[in-house]
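Q: Sharing a model that was predicted from the sequence below.
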Amino acid sequence: MAFEEKRAWALAVIAVAGYAVYVLLVLNGAAGRPLVEAPYVGALLWTILLGIVAGIVSGIWFGITARNDGLQADERDREIGRFGDHIGQSFVVIGGVSAMALAMAEAPYFWIANVLYLCFVLSAVLGSAAKIVFYRRGML
């Protein structure tokens, strides 16, 4: 398995796991209150921060193992990475537009922050999934 494919798997797992932890923390923090009154900012910041750190650590780990194995990224890896990133970025745009619409509708900050976070997670998962599919089935 190529270094970049391993990294894509790791980033997808990290994104899903981090978001699952965030959702559980927010739901537990609600404790019977309406969801918009749940404390979410701390959980949001910590899960994002830990996700970033986990992504960096996994990238370093896979980079070290790839160098020890004599593997380096080639043109195919760069193309797959670029196309996967472009596909994943679609959800960043969807998140931005959705957050803007919620802000114009004067929705609570809770919903604006959560739609942005969800779209960032979906962007990471979709981009990683696209890279994995490109590695497994090839690019069209």
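A: That came through, no problem.

Q: When you work out contacts or count neighbours from here on, use the C-alpha atoms and nothing else.
A: Fine.

Q: residue ranges of the strands in the chain, please?
A: With DSSP state E as the criterion, the chain has no strands.

Q: residue boundaries of the helices in it?
A: 3-30, 41-68, 75-104, 109-137 (DSSP state H).

Q: Rounded mean pLDDT for the third one, please.
A: The average pLDDT for helix 75-104 rounds to 92.

Q: The closest residue to residue 108 other than its chain neighbours: neighbouring residues, count only.
A: Among residues not flanking residue 108 along the chain, residue 36 sits closest, at 7.2 Å (CA to CA, 6 or more residues apart in numbering). When counting by other CA atoms under 10 Å, one arrives at 13 neighbours for residue 36.

Q: Flag the shaky bits of this protein, pLDDT-wise.
A: For the chain, applying pLDDT under 70 flags the ranges 68-73, 140.

Q: which residues touch residue 30?
A: 37-39 (CA atoms under 8 Å, 6 or more residues apart in numbering).

Q: switch to 10 Å and redo it
A: 24, 36-40 (CA atoms under 10 Å, 6 or more residues apart in numbering).

Q: And residue 54, by the same measure?
A: 10-11, 14-15, 18, 48, 60.

Q: Give me the buried entries from these.
A: Buried members of the contacts of residue 54, scored by 16 or more other CA atoms under 10 Å, are 10-11, 14-15, 18, 48.

Q: Name the nearest of those residues relative to residue 83.
A: Nearest to residue 83 among these is residue 11, at 16.0 Å by CA to CA.

Q: Correct me if wrong: that closest one contacts residue 122.
A: No - between residue 11 and residue 122 there is no contact under CA atoms under 10 Å: 11.4 Å.

Q: list residues touching both of those two?
A: Counting by CA under 10 Å, 6+ apart, the shared contacts of residue 11 and residue 122 are residue 128.

Q: Might one say that residue 16 is in contact with residue 121?
A: Yes - here residue 16 reaches residue 121: they are 7.0 Å apart, a contact under CA under 10 Å.

Q: Which residue of these two possesses the greater neighbour count?
A: residue 121 (24 against 16).
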